[in-house]
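> When you get a sec, could you give me coordinates for this:
(one chain, ligands or ions: 2)
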Amino acid sequence: MKIAIVVGTRPEIIKLAPIIKEYEKRGLPFTLIHSNQHYSANMDKVFFKNLHLPYPKFNLNVGPGTHAQQTAKILERIEKILLEEKIDLVYVQGDTNTVLAGGLAATKLRIKVAHVEAGLRSYDLEMPEEINRIAVDHFADYLFAVTEVQKRILEKEGIPKQKIHVVGNTIVDSLNNCVDMINSGKIEVIRPEVNPKEYFLITAHRPTNVDYETPLKELISSLDEIAREFNKICLWPIHPRSKSNIEKFNLTLPSSIKIMEPVGYFDFVNLMQNTAALLTDSGGIQEEACILKIPCLTLRENTERPESVEAGSNIICGRDADRMKKALNHFFNRDCNWENPFGDGKTASRIVEIVHGSCVNDF
Ligand code: UD1
Ligand code: UDP
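Ligands and ions are numbered 1, 2, ... in the order given. As a prediction, the model looks like this:
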């Protein structure tokens, strides 16, 4: 069976790394295809380096663009590679435009699609990701759900049971590996100017938060308010989308908010381990906060990761300063001893076993 693994953005590289490593470990051949949806060195190459990933055999050089432009370029450019390489199965992960286009090109060629992290739903069609993941789930052949929650969602949407496998999330595999490397002392990580636990770690890149002036101003003002209330600094390794919008709207950041360039995986995990709390609209970081037992405030009105809320690690706050204060007070008055619902760190191995036919047991 000829396998292609398709990556495109920062979280896909991080979450597909364990599957790539699993193929390498088993000596199974695969073709790595990079759409280059993310292309800046600190959103792309740094992760290949940190995670010791092979250089992609094909680079689609897609870069920035509208949804239609990115999707169309990937569709057109990947199709001939899938044909020339005689690919039988394509892995895609998550909900980006790369996932939709990579999966769609494959399925139209009747090439099998394995969707890693299937069945997540925010039920918010304002998010482009929601459209992508619904579409991919409905044509994929292997749906790798994280927990029983996604399995139930997929079954309710009429997807045949035999396509769905509950396997956990590869983020646990990646994160465990990264934490081990940091703890081994072999890795140099950046030390921020601010002391451990004296900062809140921020990430925000959702279009609803950062693409329009009013919500972006509201977010900045709320971050400033909580920083002052709790006597912390907001440290924000800033996504290029958010940075360019702050510049576009000519916004000035208060001294309580320190932005920095996006950092590599080891540096970011180290920043997460040492923060007082994470405030984020990222999907993956809600999971990582839960796994690392760090309080997480989600800067959105919904989440496709309800397990983290149920576990007690994540509180939905939107951009509202009062809700953020309440959530932080809640976390600072309890132990962060919740269970991690996202898996046992063996998800990649389970997925490869299922695809190659020798695994019958779900997680
Ligand atoms: C994309 C995904 C989103 C995911 C996020 C991870 C879609 C629809 N969205 O959003 O689901 O959570 O990646 O970070 O696929 N840019 C750079 N350098 C880069 C990448 C982006 O400068 O390496 C800038 C460009 O101006 C670009 C903008 O950021 O236009 C947005 O990038 P894009 O990949 O379109 O969307 P993200 O917001 O990164
Ligand atoms: N991340 C990183 N450096 C940063 C910010 C995030 O390595 O400066 C990692 C983070 O640990 C997580 C992933 O990037 O694994 C999340 O990516 P992002 O928030 O861009 O995407 P999402 O998960 O929302 O799709």
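
> quick check, Q162 in a strand?
No. Q162 is assigned helix when assessed by DSSP: H, G, I helix; E, B strand; the rest coil, not a strand.

> Can you get me a residue count around it?
Using other C-beta atoms under 10 Å, Q162 is surrounded by 6 other residues. In this view, the C-beta of every residue, glycine as well, is placed from N, C-alpha and C.

> Then I351?
Other residues within reach of I351 by the criterion other C-beta under 10 Å amount to 24.

> Please, which helix or strand holds it?
helix 347-355 (DSSP states H and E).

> Convert the C-alpha atoms of that helix to PDB, please.
C-alpha atoms of helix 347-355 as PDB (Å, rounded to 0.1, in the frame of the first residue of the first chain):
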ATOM      1  CA  THR A 347      -2.200   6.900  19.300                       C
ATOM      2  CA  ALA A 348       0.100   7.000  16.300                       C
ATOM      3  CA  SER A 349       1.000   3.300  16.700                       C
ATOM      4  CA  ARG A 350      -2.700   2.400  17.000                       C
ATOM      5  CA  ILE A 351      -3.500   4.300  13.800                       C
ATOM      6  CA  VAL A 352      -0.800   2.700  11.800                       C
ATOM      7  CA  GLU A 353      -1.800  -0.800  13.100                       C
ATOM      8  CA  ILE A 354      -5.400  -0.100  12.000                       C
ATOM      9  CA  VAL A 355      -4.500   1.200   8.600                       C
END
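
> what helices or strands is that helix leaning on?
For helix 347-355, the elements it packs on are helix 10-26, strand 112-118, strand 142-145, strand 164-166, helix 170-183, judged by 3 or more C-beta pairs under 8 Å, 6 or more residues apart in numbering; DSSP states H and E.

> switch to 6 Å and redo it
When contacts are defined as 3 or more C-beta pairs under 6 Å, 6 or more residues apart in numbering; DSSP states H and E, helix 347-355 sits against helix 10-26, helix 170-183.

> The helix or strand that the first one is followed by: how far from the chain's middle?
Taking DSSP H and E as the definition, the helix or strand that follows helix 10-26 towards the C-terminus is strand 31-34. Centroid separation for strand 31-34 versus its chain: 19 Å, with C-alpha atoms, centre = their mean, to the nearest Å.

> Can you report phi and psi for the residue in the stretch 101-250 of the chain that ligand 2 sits nearest to?
In the stretch 101-250 of the chain, the residue that lies nearest ligand 2 is P237 (3.6 Å; C-beta to the nearest ligand atom). Main-chain torsions, P237, degrees, to the nearest 10: phi -70, psi 110.

> Give me the pLDDT value at it.
For P237, the pLDDT comes out at 98.

> Touching, it and V263? I think so.
Yes. In this structure P237 lies within contact range of V263 using C-beta atoms under 6 Å: 5.1 Å.

> Common neighbours of these two, please.
Jointly contacting P237 and V263 under the rule C-beta atoms under 6 Å, 6 or more residues apart in numbering is no residue at all.

> V90 in helix, strand or coil?
Per three-state DSSP, V90 ends up strand.

> Over to V263?
Recorded secondary structure, V263: coil (three-state DSSP).

> contacting residues around the helix holding I351?
The list of residues contacting helix 347-355 from outside it, by C-beta under 6 Å, 6+ apart, reads P18, I19, E22, A114, F144, H165, V167, G168, T170, D173, C359.

> coming back round to it: make a markdown table out of the helices and strands packed on helix 347-355 and add mean pLDDT, mean neighbour count and distance to L216.
Shown next, in a markdown table, are the helices and strands packed on helix 347-355 (pLDDT from 0 to 100; neighbours: other C-beta atoms under 10 Å; distance: least, C-beta to C-beta, whole Å):
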| stretch | mean pLDDT | mean neighbour count | distance to L216 |
| --- | --- | --- | --- |
| helix 10-26 | 98 | 22 | 21 |
| helix 170-183 | 97 | 20 | 28 |
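
> could the ones you listed go into JSON lines alongside distance to ligand 2?
Formatted as JSON lines, the entries for the helices and strands packed on helix 347-355 read as follows, by distance: least, C-beta to the nearest ligand atom, whole Å:
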{"stretch": "helix 10-26", "distance to ligand 2": "4"}
{"stretch": "helix 170-183", "distance to ligand 2": "6"}
